[in-house]
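Peer 1: Any chance you could fold what I've pasted below:
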Amino acid sequence: MQGLVIKSTGSWYEVQTDEGRAIKCRIKGKFRTLDIKTTNPVAVGDRVTVEPEPDQETGLITELEPRKNYIIRKSVNLSKQAQIIAANLDQAFLIVTLASPRTSLGFIDRFLVTAEAYDIPAKLIFNKLDLFSAEGLEILSQYQSIYEQAGYPCYSVSALKATNLDQLRELLKDKVTLVSGHSGVGKSTLINALLPGYELKTGDISDWSDKGKHTTTFAEMFRLPFGGYLIDTPGIRELGVFDIEKQELCRLFPEIRKLMDDCRFNNCRHINEPGCAVLEALEEGKLEPSRYDSYLSIYNNNDTRA
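Peer 2: Model prediction:
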(Lines give C-alpha, C1' and ligand atoms only; values in the text may rest on other atoms or scores of the structure.)
Protein backbone atom coordinates (compact mmCIF):
# COMPACT_ATOMS: atom_id res chain seq x y z
CA MET A 1 0.00 0.00 0.00
CA GLN A 2 1.05 3.60 -0.61
CA GLY A 3 1.19 6.45 1.86
CA LEU A 4 2.67 9.72 3.02
CA VAL A 5 5.38 9.96 5.70
CA ILE A 6 3.93 12.39 8.26
CA LYS A 7 6.35 11.91 11.16
CA SER A 8 9.96 10.88 11.68
CA THR A 9 11.34 9.88 15.07
CA GLY A 10 14.76 8.52 14.20
CA SER A 11 14.44 4.86 13.22
CA TRP A 12 10.61 4.89 13.12
CA TYR A 13 8.31 6.68 10.70
CA GLU A 14 4.58 7.30 10.87
CA VAL A 15 2.91 6.79 7.50
CA GLN A 16 -0.60 7.98 6.62
CA THR A 17 -1.84 5.46 4.07
CA ASP A 18 -4.02 6.48 1.14
CA GLU A 19 -6.87 4.65 2.92
CA GLY A 20 -6.51 7.05 5.87
CA ARG A 21 -4.79 4.68 8.30
CA ALA A 22 -1.79 5.76 10.37
CA ILE A 23 0.84 3.03 10.60
CA LYS A 24 4.18 2.98 12.41
CA CYS A 25 6.92 1.80 10.06
CA ARG A 26 10.58 0.87 9.91
CA ILE A 27 12.81 0.85 6.86
CA LYS A 28 13.37 -2.52 5.23
CA GLY A 29 16.95 -3.72 5.87
CA LYS A 30 18.27 -3.74 2.30
CA PHE A 31 16.64 -0.37 1.68
CA ARG A 32 19.17 1.12 4.09
CA THR A 33 22.13 -0.10 2.02
CA LEU A 34 21.20 1.83 -1.11
CA ASP A 35 23.57 4.59 -2.22
CA ILE A 36 22.11 7.27 0.03
CA LYS A 37 24.49 9.93 1.33
CA THR A 38 22.20 11.23 4.04
CA THR A 39 21.71 10.15 7.64
CA ASN A 40 17.98 9.67 6.96
CA PRO A 41 17.05 7.88 3.69
CA VAL A 42 13.34 8.64 4.29
CA ALA A 43 11.98 12.05 5.30
CA VAL A 44 8.69 13.66 6.22
CA GLY A 45 6.79 14.48 3.04
CA ASP A 46 8.03 11.39 1.19
CA ARG A 47 5.59 9.15 -0.67
CA VAL A 48 6.37 5.50 0.10
CA THR A 49 5.22 1.92 -0.40
CA VAL A 50 4.52 0.03 2.83
CA GLU A 51 4.18 -3.69 3.56
CA PRO A 52 2.41 -4.69 6.81
CA GLU A 53 4.55 -6.85 9.08
CA PRO A 54 3.02 -10.30 9.73
CA ASP A 55 0.94 -10.49 12.92
CA GLN A 56 1.91 -6.96 13.92
CA GLU A 57 0.38 -3.50 13.70
CA THR A 58 3.61 -2.08 12.27
CA GLY A 59 4.87 -1.96 8.70
CA LEU A 60 7.99 -1.90 6.55
CA ILE A 61 8.81 0.88 4.10
CA THR A 62 9.94 -0.99 0.99
CA GLU A 63 10.01 1.68 -1.71
CA LEU A 64 10.48 5.43 -1.98
CA GLU A 65 8.70 7.29 -4.77
CA PRO A 66 10.72 9.87 -6.77
CA ARG A 67 10.84 13.23 -4.99
CA LYS A 68 9.69 16.50 -6.52
CA ASN A 69 12.30 18.24 -4.37
CA TYR A 70 13.73 18.22 -0.88
CA ILE A 71 15.64 20.49 1.44
CA ILE A 72 18.82 19.34 3.10
CA ARG A 73 21.24 20.48 5.75
CA LYS A 74 24.77 19.39 6.51
CA SER A 75 25.29 17.63 9.81
CA VAL A 76 27.64 20.18 11.32
CA ASN A 77 29.54 17.58 13.37
CA LEU A 78 29.52 15.04 10.54
CA SER A 79 30.72 17.15 7.65
CA LYS A 80 30.49 14.40 5.02
CA GLN A 81 26.91 13.57 5.86
CA ALA A 82 23.67 15.46 5.55
CA GLN A 83 20.09 15.30 6.74
CA ILE A 84 17.05 15.66 4.54
CA ILE A 85 14.82 18.00 6.52
CA ALA A 86 11.69 17.37 4.41
CA ALA A 87 10.61 16.37 0.88
CA ASN A 88 8.04 17.29 -1.79
CA LEU A 89 7.60 20.91 -0.73
CA ASP A 90 5.70 23.76 -2.36
CA GLN A 91 7.44 26.41 -0.24
CA ALA A 92 9.60 26.99 2.82
CA PHE A 93 9.11 29.53 5.61
CA LEU A 94 12.04 30.63 7.72
CA ILE A 95 10.88 32.11 11.02
CA VAL A 96 13.20 34.99 11.90
CA THR A 97 13.59 36.96 15.12
CA LEU A 98 15.81 40.00 15.62
CA ALA A 99 16.29 39.22 19.33
CA SER A 100 15.52 36.47 21.85
CA PRO A 101 17.12 34.76 19.94
CA ARG A 102 18.70 36.79 17.17
CA THR A 103 18.64 35.20 13.73
CA SER A 104 21.85 36.22 11.98
CA LEU A 105 21.94 37.44 8.39
CA GLY A 106 24.43 34.65 7.66
CA PHE A 107 21.98 32.00 8.87
CA ILE A 108 19.16 33.50 6.79
CA ASP A 109 21.37 33.53 3.71
CA ARG A 110 22.47 29.91 4.12
CA PHE A 111 18.83 28.84 4.42
CA LEU A 112 17.90 30.80 1.29
CA VAL A 113 20.84 29.36 -0.67
CA THR A 114 19.78 25.84 0.29
CA ALA A 115 16.18 26.54 -0.76
CA GLU A 116 17.40 28.00 -4.10
CA ALA A 117 19.62 24.96 -4.69
CA TYR A 118 16.65 22.60 -4.39
CA ASP A 119 14.12 24.83 -6.23
CA ILE A 120 11.96 25.57 -3.20
CA PRO A 121 10.37 29.04 -3.05
CA ALA A 122 11.30 30.64 0.27
CA LYS A 123 9.62 33.31 2.35
CA LEU A 124 10.84 35.06 5.51
CA ILE A 125 8.45 35.38 8.44
CA PHE A 126 9.60 37.95 11.01
CA ASN A 127 8.02 36.95 14.32
CA LYS A 128 7.62 38.60 17.75
CA LEU A 129 6.37 41.87 16.29
CA ASP A 130 4.80 42.55 19.69
CA LEU A 131 8.29 42.93 21.26
CA PHE A 132 9.59 45.56 18.83
CA SER A 133 10.42 49.07 20.00
CA ALA A 134 10.55 51.96 17.53
CA GLU A 135 14.24 51.21 17.03
CA GLY A 136 13.45 47.53 16.52
CA LEU A 137 10.87 48.35 13.86
CA GLU A 138 13.51 50.40 12.03
CA ILE A 139 15.93 47.45 12.06
CA LEU A 140 13.10 45.18 10.90
CA SER A 141 12.50 47.51 7.97
CA GLN A 142 16.20 47.32 7.06
CA TYR A 143 16.19 43.50 7.18
CA GLN A 144 13.07 43.32 5.05
CA SER A 145 14.52 45.75 2.53
CA ILE A 146 17.65 43.58 2.12
CA TYR A 147 15.64 40.48 1.28
CA GLU A 148 12.79 42.03 -0.67
CA GLN A 149 15.35 43.64 -2.97
CA ALA A 150 16.87 40.18 -3.45
CA GLY A 151 13.43 38.87 -4.42
CA TYR A 152 12.27 37.16 -1.21
CA PRO A 153 8.81 38.00 0.17
CA CYS A 154 8.88 39.11 3.83
CA TYR A 155 6.06 39.14 6.36
CA SER A 156 5.86 40.47 9.93
CA VAL A 157 3.72 38.66 12.51
CA SER A 158 3.21 38.16 16.20
CA ALA A 159 2.32 34.53 16.86
CA LEU A 160 1.64 35.39 20.51
CA LYS A 161 -0.80 38.22 19.72
CA ALA A 162 -2.11 36.59 16.49
CA THR A 163 -1.09 39.69 14.51
CA ASN A 164 -1.17 39.29 10.70
CA LEU A 165 -1.81 35.54 10.88
CA ASP A 166 -4.58 35.77 8.26
CA GLN A 167 -1.83 36.68 5.80
CA LEU A 168 -0.01 33.47 6.63
CA ARG A 169 -3.16 31.36 6.33
CA GLU A 170 -3.61 32.63 2.77
CA LEU A 171 0.01 31.78 1.97
CA LEU A 172 -0.29 28.29 3.49
CA LYS A 173 -3.65 27.37 1.94
CA ASP A 174 -3.50 24.21 -0.21
CA LYS A 175 0.31 24.06 -0.16
CA VAL A 176 2.90 21.83 1.51
CA THR A 177 5.01 24.21 3.58
CA LEU A 178 8.15 23.64 5.62
CA VAL A 179 8.47 25.84 8.71
CA SER A 180 12.01 26.17 10.05
CA GLY A 181 14.15 28.41 12.24
CA HIS A 182 16.29 28.58 15.35
CA SER A 183 14.98 27.12 18.61
CA GLY A 184 13.10 29.86 20.45
CA VAL A 185 11.89 31.88 17.45
CA GLY A 186 8.25 31.04 18.26
CA LYS A 187 7.53 28.23 15.81
CA SER A 188 5.55 26.28 18.40
CA THR A 189 3.45 29.32 19.30
CA LEU A 190 2.85 30.03 15.62
CA ILE A 191 1.79 26.44 14.90
CA ASN A 192 -0.55 26.45 17.90
CA ALA A 193 -2.17 29.63 16.56
CA LEU A 194 -2.60 28.13 13.07
CA LEU A 195 -3.83 24.73 14.25
CA PRO A 196 -6.75 25.16 16.68
CA GLY A 197 -6.96 22.29 19.13
CA TYR A 198 -3.39 21.18 18.60
CA GLU A 199 -1.21 22.16 21.51
CA LEU A 200 2.49 21.81 20.81
CA LYS A 201 4.40 22.51 23.98
CA THR A 202 6.62 25.51 23.50
CA GLY A 203 10.19 24.50 24.09
CA ASP A 204 9.72 20.85 23.13
CA ILE A 205 11.25 21.27 19.71
CA SER A 206 14.55 22.64 20.92
CA ASP A 207 14.89 19.61 23.20
CA TRP A 208 14.70 17.31 20.19
CA SER A 209 17.68 18.69 18.32
CA ASP A 210 21.46 18.55 18.71
CA LYS A 211 21.66 15.55 21.03
CA GLY A 212 25.28 14.48 21.01
CA LYS A 213 27.46 14.03 17.96
CA HIS A 214 24.91 12.25 15.78
CA THR A 215 22.27 14.95 15.59
CA THR A 216 18.80 13.46 15.09
CA THR A 217 16.04 15.45 13.45
CA PHE A 218 12.42 14.72 14.31
CA ALA A 219 9.95 16.36 11.99
CA GLU A 220 6.18 16.14 11.72
CA MET A 221 3.56 17.01 9.11
CA PHE A 222 0.13 18.41 10.00
CA ARG A 223 -2.96 18.80 7.84
CA LEU A 224 -4.16 22.41 7.98
CA PRO A 225 -7.89 22.94 8.62
CA PHE A 226 -8.08 25.43 5.71
CA GLY A 227 -6.24 23.13 3.24
CA GLY A 228 -2.62 22.14 2.78
CA TYR A 229 0.05 20.68 5.04
CA LEU A 230 2.54 22.25 7.41
CA ILE A 231 5.84 20.49 8.15
CA ASP A 232 7.24 21.35 11.55
CA THR A 233 10.97 20.88 12.09
CA PRO A 234 13.13 21.10 15.21
CA GLY A 235 14.98 24.29 15.91
CA ILE A 236 18.25 24.46 14.01
CA ARG A 237 21.26 25.98 15.75
CA GLU A 238 23.54 25.96 12.72
CA LEU A 239 22.84 25.36 9.06
CA GLY A 240 25.66 24.02 6.91
CA VAL A 241 25.35 24.27 3.13
CA PHE A 242 25.81 20.82 1.60
CA ASP A 243 26.90 19.56 -1.81
CA ILE A 244 26.87 22.90 -3.69
CA GLU A 245 29.66 23.43 -6.22
CA LYS A 246 31.60 26.69 -5.88
CA GLN A 247 31.02 27.63 -9.52
CA GLU A 248 27.25 27.21 -9.01
CA LEU A 249 27.02 29.26 -5.81
CA CYS A 250 26.66 32.64 -7.51
CA ARG A 251 23.50 31.40 -9.25
CA LEU A 252 21.91 30.77 -5.86
CA PHE A 253 21.98 34.47 -4.95
CA PRO A 254 19.28 35.98 -7.23
CA GLU A 255 20.78 39.48 -7.19
CA ILE A 256 24.24 38.13 -8.12
CA ARG A 257 22.72 35.87 -10.77
CA LYS A 258 21.27 38.96 -12.50
CA LEU A 259 24.69 40.62 -12.67
CA MET A 260 27.04 37.77 -13.55
CA ASP A 261 26.43 37.80 -17.31
CA ASP A 262 27.90 41.33 -17.40
CA CYS A 263 31.26 40.18 -15.98
CA ARG A 264 34.26 40.40 -18.33
CA PHE A 265 35.16 36.74 -17.80
CA ASN A 266 32.60 33.95 -18.04
CA ASN A 267 34.40 32.01 -15.28
CA CYS A 268 34.49 35.01 -12.92
CA ARG A 269 34.41 34.02 -9.24
CA HIS A 270 33.29 37.53 -8.20
CA ILE A 271 36.11 37.80 -5.68
CA ASN A 272 38.94 39.91 -7.14
CA GLU A 273 38.68 39.63 -10.93
CA PRO A 274 38.93 42.74 -13.14
CA GLY A 275 35.74 43.71 -14.92
CA CYS A 276 33.52 41.93 -12.38
CA ALA A 277 29.99 43.35 -12.54
CA VAL A 278 29.23 42.01 -9.06
CA LEU A 279 32.16 43.85 -7.45
CA GLU A 280 31.22 47.01 -9.37
CA ALA A 281 27.66 46.79 -8.04
CA LEU A 282 29.04 46.30 -4.54
CA GLU A 283 31.25 49.40 -4.83
CA GLU A 284 28.34 51.45 -6.19
CA GLY A 285 26.03 50.43 -3.33
CA LYS A 286 23.75 48.44 -5.63
CA LEU A 287 24.50 45.12 -3.90
CA GLU A 288 23.88 44.58 -0.20
CA PRO A 289 27.26 44.03 1.56
CA SER A 290 25.87 41.46 4.03
CA ARG A 291 24.64 39.30 1.15
CA TYR A 292 28.03 39.49 -0.56
CA ASP A 293 29.73 38.63 2.76
CA SER A 294 27.56 35.51 2.95
CA TYR A 295 28.50 34.60 -0.62
CA LEU A 296 32.21 34.80 0.30
CA SER A 297 31.64 32.91 3.54
CA ILE A 298 29.90 30.00 1.83
CA TYR A 299 32.37 30.05 -1.07
CA ASN A 300 35.23 29.67 1.41
CA ASN A 301 33.40 26.89 3.29
CA ASN A 302 33.00 29.04 6.39
CA ASP A 303 29.48 27.80 7.04
CA THR A 304 28.81 29.28 10.44
CA ARG A 305 29.26 33.03 9.86
CA ALA A 306 27.24 34.97 12.46
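
Peer 1: in stretch 117-128, what's buried?
Peer 2: In terms of neighbour count (16 or more other C-beta atoms under 10 Å), stretch 117-128 has its buried residues at 117-118, 120, 122-128. Backbone N, C-alpha and C define where each C-beta goes, glycine included.

Peer 1: That should have said stretch 136-154, apologies.
Peer 2: 140, 143-144, 146-147, 150, 152, 154.

Peer 1: Next step: the residues you listed restricted to helices.
Peer 2: Per DSSP state H, helices hold the following members of the buried residues of stretch 136-154: 140, 143-144, 146-147.

Peer 1: Any chance of these in a markdown table with pLDDT and distance to L64 as columns?
Peer 2: Converted to a markdown table, these look like this (pLDDT from 0 to 100; distance: C-beta to C-beta, whole Å):
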| residue | pLDDT | distance to L64 |
| --- | --- | --- |
| L140 | 94 | 41 |
| Y143 | 95 | 38 |
| Q144 | 96 | 38 |
| I146 | 96 | 38 |
| Y147 | 97 | 34 |
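
Peer 1: Among the buried residues of stretch 136-154, which pair sits farthest apart?
Peer 2: Largest separation among the buried residues of stretch 136-154 by C-beta to C-beta: L140 and A150, giving 16.1 Å.

Peer 1: mind putting the buried residues of stretch 117-128 in TSV, pLDDT included?
Peer 2: What follows is those, written out as TSV (pLDDT from 0 to 100):
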residue	pLDDT
A117	90
Y118	88
I120	94
A122	97
K123	97
L124	98
I125	97
F126	95
N127	94
K128	91
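
Peer 1: Closest one to I271 out of those residues, please.
Peer 2: A117 (20.2 Å).

Peer 1: Distance of that closest one relative to N192?
Peer 2: A117 sits 31 Å away from N192, going by C-beta to C-beta, to the nearest Å.

Peer 1: if we can go back for a sec, quick check, nearest of the ones in helices among the buried residues of stretch 136-154 to V42?
Peer 2: So of those, ranked by how close each gets to V42 (C-beta to C-beta), first place is Y147, at 32.3 Å.

Peer 1: In contact with that closest one, which residues are there?
Peer 2: When contacts are counted by C-beta atoms under 8 Å, 6 or more residues apart in numbering, Y147 touches 108, 112, 124, 154.

Peer 1: Narrow the residues you listed to those in helices?
Peer 2: Among those, DSSP H puts 108, 112 in helices.

Peer 1: Tell me which two in the contacts of Y147 are the farthest apart.
Peer 2: Largest separation among these by C-beta to C-beta: L112 and C154, giving 11.6 Å.

Peer 1: Is S297 within a helix or a strand, and which one?
Peer 2: Using DSSP states H and E, S297 sits within helix 289-299.

Peer 1: Would you state the strands of the stretch 1-150 of the chain in chain order?
Peer 2: 2-9, 12-17, 22-27, 47-52, 59-64, 70-75, 78-87, 91-96, 122-126 (DSSP state E, counting those that start in this stretch).

Peer 1: So which of these is nearest S188?
Peer 2: strand 91-96 (10.2 Å).

Peer 1: Note down every partner strand of the closest one and its orientation.
Peer 2: Sheet pairing for strand 91-96, assigned by DSSP bridges, gives strand 122-126 (parallel), strand 176-180 (parallel).

Peer 1: For the last one, what is the distance to the chain centroid?
Peer 2: Yep, that's strand 176-180 we're talking about. 7 Å (C-alpha atoms, centre = their mean, to the nearest Å).

Peer 1: and the angle from that strand to strand 78-87?
Peer 2: Here the directions of strand 176-180 and strand 78-87 differ by 140 degrees (axes from the mean of the first three to the mean of the last three C-alpha atoms, to 10 degrees).
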